[in-house]
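Using only what follows, build the 3D model:
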Amino acid sequence: MKKATLLKLSLSAVLVAAALRLYATYASETPAPADVPSLVHEGDLLRIPEQSPLRRSLTVAAIDEQSIAAPFTLPALVEADPARLVKVTPPLAGRIVSLNKQLGDEVKAGEVLFTIDAPDMAQAGADNAKAQSALSLAQRNLARQRELAQSDIAARRDVEQAQGDYDSAAAEAARAAARLAQLGAHAAGP
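Numbering: from 1, shown residues only. Below you'll find the predicted structure:
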């Protein structure tokens with residue numbers, strides 16, 4: 001039902017209720033003739049006969065359409081739909097430099113939400129570069145010690161030490177690359 005129609009029906013109901021209340025007051029003060037009914041029920045309608053004393057107290061007028069404001073305050077809490085809400089937590093701490101989406105924007109998988117300036121990412125990159133450099137140096141040192149060992153110039157202990165240094169550097173390089181991969185970056189190889 002339209003708002004205007006509902007408003008007209010409500011006003012009509014108020015007028016009928018007022019008329020019945022007025023009639024009840026009038027009827028208690030003035031006895032009605034016994035042969036004239038005050039109200040006649042015809043389905044959903046109430047008809048007031050011409051001879052009814054109720055007619056003297058009623059005024060018939062056109063109903064004007066008007067707005068009636070009925071303000072009310074209700075306690076409420078507005079929340080996002082939890083079925084459509086995902087909390088985003090970055091893998092590391094930092095300062096957001098640019099925001100690519102705003103509140104209420106639709107987001108699809110793989111879209112960049114924001115750009116973050118993270119000191120941890122810079123540290124992870126520096127650790128990876130340092131580990132790659134150490135791995136390269138250990139690899140060259142191991143190759144040199146193996147050449148010297150083949151010529152019987154280097155001691156076996158030096159070759160074993162070079163092999164240990166290389167294994168340690170390789171493990172550190174793998175750890176640094178894994179940290180970068182965990183943060184979503186790609187490590188550069190030796």
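
same for the longest helix that the chain contains, what does it pack against?
The longest helix of the chain (DSSP state H) is helix 119-150. In terms of contacts (3 or more C-beta pairs under 8 Å, 6 or more residues apart in numbering; DSSP states H and E), helix 119-150 is packed against helix 156-182. Backbone N, C-alpha and C define where each C-beta goes, glycine included.

quick one, the helix it packs on and helix 119-150 angle?
In terms of direction (axes from the mean of the first three to the mean of the last three C-alpha atoms, to 10 degrees), helix 156-182 departs from helix 119-150 by 160 degrees.

Now helix 156-182: buried residues?
V159, A162, D165, Y166, A169, A170, E172, A173, A176, A177, R179, L180 (16 or more other C-beta atoms under 10 Å).

repeat for stretch 48-62
Buried, per 16+ other C-beta under 10 Å, within stretch 48-62: I48, S52, P53, L54.

right, and the helix or strand after the worst-scoring helix or strand of the chain on mean pLDDT?
Lowest mean confidence among the helices and strands of the chain (mean pLDDT, DSSP states H and E): helix 3-29, at a mean of 59. Downstream of helix 3-29, the next assigned helix or strand under DSSP states H and E is strand 40-42.

who's in contact with that following strand?
If you take C-beta atoms under 8 Å, 6 or more residues apart in numbering as the criterion, strand 40-42 is touched by L46, R47, I48, P49.

in that strand, what counts as buried?
Per 16+ other C-beta under 10 Å, strand 40-42 contains no buried residues.

And the average pLDDT for that strand is what?
The average pLDDT for strand 40-42 rounds to 72.

again, but for stretch 81-93
Here the average pLDDT along stretch 81-93 is 79.

which residues sit in contact with A173?
Per C-beta under 8 Å, 6+ apart, neighbours of A173: N128, A131, Q132, A134, L135, P190.

which of the residues you listed lies closest to R84?
Nearest to R84 among the contacts of A173 is N128, at 38.0 Å by C-beta to C-beta.

With adjacent residues omitted, what lies nearest to L113?
Of all residues not flanking L113 in the chain, K101 sits nearest, at 5.2 Å (C-beta to C-beta, 6 or more residues apart in numbering).

Secondary structure class of V97, three-state.
strand (DSSP: H, G, I helix; E, B strand; the rest coil).

thought it was touching A118?
No: checked against C-beta atoms under 8 Å, the pair V97 and A118 is beyond contact range at 9.8 Å.

Great, nothing more from me.
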